[in-house]
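Peer 1: no letters, just coordinates:
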RNA sequence: GCCGGGGUGCCCGAGCGGACCAAGGGGCUGGCCUUGAGAGCCAGUAGGGAUUCACCCUGCGCGGGUUCAAAUCCCGCCCCCGGCGCCA
């Protein structure tokens, strides 16, 4: 069984064109890919024919009398010259074909809304009681687009997460961090650090209780590996490199979790494999320009709990639903009102066939902000990583499907808590579900995180 | 990081320049046999290309090189085991 995209290149190029159109990317590549694949196959056949000829001669040589040997060796040498040339050609065509093939984005799932950018993404679900400041009511209604949603009106405007963190609570210092490390870094202190820990434990606790295997993965990967998990855009925007080494910092545990079966075969019986990884995430945020420079919403490093599933192709859409519903369960537990959106085709990353984002309403910003991203990558990553399943009973092999979803990204979730659990006096209530993970620590907050002047 | 030993198919393991281009065993899958199981026998069990079948190429950790010919010789890298050093 081959890769779904290569299959289309050979058997159904129209469908491939249609797919690229859906993503609003350049379609002209397709003919080139088809042409290259055809050329690759004919050149391969020529090379193999020449190799065969050479093998035949080589085979005869040891059984020949000495003088005949000499002429045969000459013949073989001559053949080698032609062969080397053809092989060089093959290699060139192959590299070109491969790099073009790998530049193709994943096929878009049928039920993804079509549109060039995020404005075409479709909310499919709202959950919870949204806290809306009275002057933002109109904006809120616009953003919920007439959907039936539950909300309460706030008479006072909550303080934005950044000011709440640094000025009201006095538990963060991004200025010092930017002096010593750069912008988008931070120092967090005391109760916010406890909050970070408790979020991770909460997510890990829930997912392991559902049978996900807990993993602490490597935080750096080799170039070849990281390139096969992500697309070039992500690489450029996100990935830090270790100087003078072929090592890259992960941008999420998804990367090392996907790499866990790099170039391996998985027995069909062992699928699905469900993992929950905990790791820091390092991101350059190169494409973000001046977005979200204030506070800790968009930062170069944070802690993250990640869900990851390897599945049989025919089962992957079920697990996609499972992953988003796990994430929802986590945010429902936290009591953060959210919406789930089905990301538009033009806004999908190259890896994903379909992506759900979970966005929490931020009362101070009057915006929904992304907390979770849940993707089915189908066989796109698996093809690059050469991860296949083996069905021994039916003597069949195929690429597995890989899926990933955020469970909790610490700093982002903290910003949501800072805005949604804020009292008018500036105190932050600790979400009830986190309290049991804080109980055992003497210094950890128990019910409220209080403003600095109140202490 | 240094010194020594090693990496062969799903697993164990032989081969250490050419003569059925990986022996032999185990496992797994299918078939025969059997009331059923087992034993026994036969076949299949890396990737790719072509194809009605037969077929061909590549593959012995990875990448180069020497040779008409490389699992086998040479160089670089990765990993594993043992010893020394360093370290949380």
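Peer 2: Looks like it came in fine. Predicted, not measured: the structure shown is a model, and the values here were computed from it.
Peer 1: please, which helix or strand holds residue A:205?
Peer 2: For residue A:205, the host element (DSSP states H and E) is helix A:190-209.
Peer 1: ugh, wrong one, residue A:46
Peer 2: helix A:29-60.
Peer 1: give the other helices and strands that that helix contacts.
Peer 2: Packing contacts for helix A:29-60, counted by 3 or more C-beta pairs under 8 Å, 6 or more residues apart in numbering; DSSP states H and E, involve helix A:4-11, helix A:13-23, helix A:66-103. C-beta here means a position set from N, CA and C on the backbone, and glycine is covered the same way.
Peer 1: what's the closest of these to RNA strand B?
Peer 2: Nearest of those to RNA strand B, taken as C-beta to the nearest atom of the strand: helix A:66-103 at 3.2 Å.
Peer 1: distance check, the residue lying farthest from the centre of chain A against residue A:60.
Peer 2: Most distant from the centre of chain A: residue A:67, at 64.8 Å, with distances by C-alpha atoms, centre = their mean. Distance, residue A:67 to residue A:60, using C-beta to C-beta, to the nearest Å: 14 Å.
Peer 1: check the offset of the host helix or strand of residue A:411 from the chain's centre.
Peer 2: Assigning secondary structure by DSSP H and E places residue A:411 in helix A:410-420. Its chain's C-alpha centre and that of helix A:410-420 lie 21 Å apart, by C-alpha atoms, centre = their mean, to the nearest Å.
Peer 1: now do stretch A:175-184
Peer 2: 27 Å.
Peer 1: same check on stretch A:406-426?
Peer 2: Chain-centre distance of stretch A:406-426: 23 Å, with C-alpha atoms, centre = their mean.
Peer 1: residues contacting the residue in the stretch 251-400 of chain A that RNA strand B sits nearest to?
Peer 2: Proximity of the stretch 251-400 of chain A to RNA strand B (C-beta to the nearest atom of the strand) peaks at residue A:392, 4.1 Å away. Contacts here follow C-beta atoms under 8 Å, 6 or more residues apart in numbering; on that basis residue A:392 touches A:267-268.
Peer 1: next: residue A:264.
Peer 2: Residue A:264 sits next to A:386-387 when contact means C-beta under 8 Å, 6+ apart.
Peer 1: buried residues in stretch A:222-239?
Peer 2: Residues of stretch A:222-239 classed as buried by neighbour count (16 or more other C-beta atoms under 10 Å): A:225-231, A:234-235, A:237-239.
Peer 1: should've said stretch A:95-113
Peer 2: A:97, A:100-102, A:104-109, A:112-113.
Peer 1: over to residue A:389: give its phi and psi.
Peer 2: Main-chain dihedrals, residue A:389, degrees, to the nearest 10: phi -100, psi 150.
Peer 1: where do the helices of the stretch 101-250 of chain A begin and end?
Peer 2: With helices called from DSSP state H, counting those that start in this stretch, the stretch 101-250 of chain A shows them at A:137-144, A:161-163, A:174-180, A:190-209, A:223-229, A:232-238.
Peer 1: CSV for those, including distance to residue A:4 and mean pLDDT?
Peer 2: Listed next are the helices of the stretch 101-250 of chain A as CSV, based on distance: least, C-beta to C-beta, whole Å; pLDDT from 0 to 100:
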stretch, distance to residue A:4, mean pLDDT
helix A:137-144, 36, 91
helix A:161-163, 42, 94
helix A:174-180, 45, 93
helix A:190-209, 29, 97
helix A:223-229, 16, 89
helix A:232-238, 20, 87
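Peer 1: angle of the helix holding residue A:205 against helix A:410-420?
Peer 2: Helix A:190-209 and helix A:410-420 meet at an angle of 110 degrees, taking axes from the mean of the first three to the mean of the last three C-alpha atoms, to 10 degrees as the criterion.
Peer 1: and residue A:372, which helix or strand is it part of?
Peer 2: strand A:367-376.
Peer 1: which strands and helices sit next to that strand?
Peer 2: In terms of contacts (3+ C-beta pairs under 8 Å, 6+ apart), strand A:367-376 is packed against helix A:316-334, strand A:338-342, strand A:354-362, strand A:401-409, helix A:410-420.
Peer 1: just name the most buried of these.
Peer 2: Stretch with highest mean neighbour count among the helices and strands packed on strand A:367-376: strand A:401-409 (a mean of 27; mean count of other C-beta atoms under 10 Å).
Peer 1: and stretch A:387-397, what's its mean pLDDT?
Peer 2: What stretch A:387-397 shows for mean pLDDT is 80.
Peer 1: and that stretch, how far from the chain's centre?
Peer 2: Between the centre of stretch A:387-397 and the centre of its chain there are 26 Å (C-alpha atoms, centre = their mean).
Peer 1: that stretch: which residues count as buried?
Peer 2: A:387-391.
Peer 1: in strands only, show me these.
Peer 2: A:388-391 (DSSP state E).
Peer 1: now the nearest residue to residue A:298 once chain neighbours are set aside, what's its secondary structure?
Peer 2: Nearest non-adjacent residue to residue A:298, counting by C-beta to C-beta, 6 or more residues apart in numbering: residue A:292, 3.8 Å away. Secondary structure, DSSP: H, G, I helix; E, B strand; the rest coil: residue A:292 is coil.
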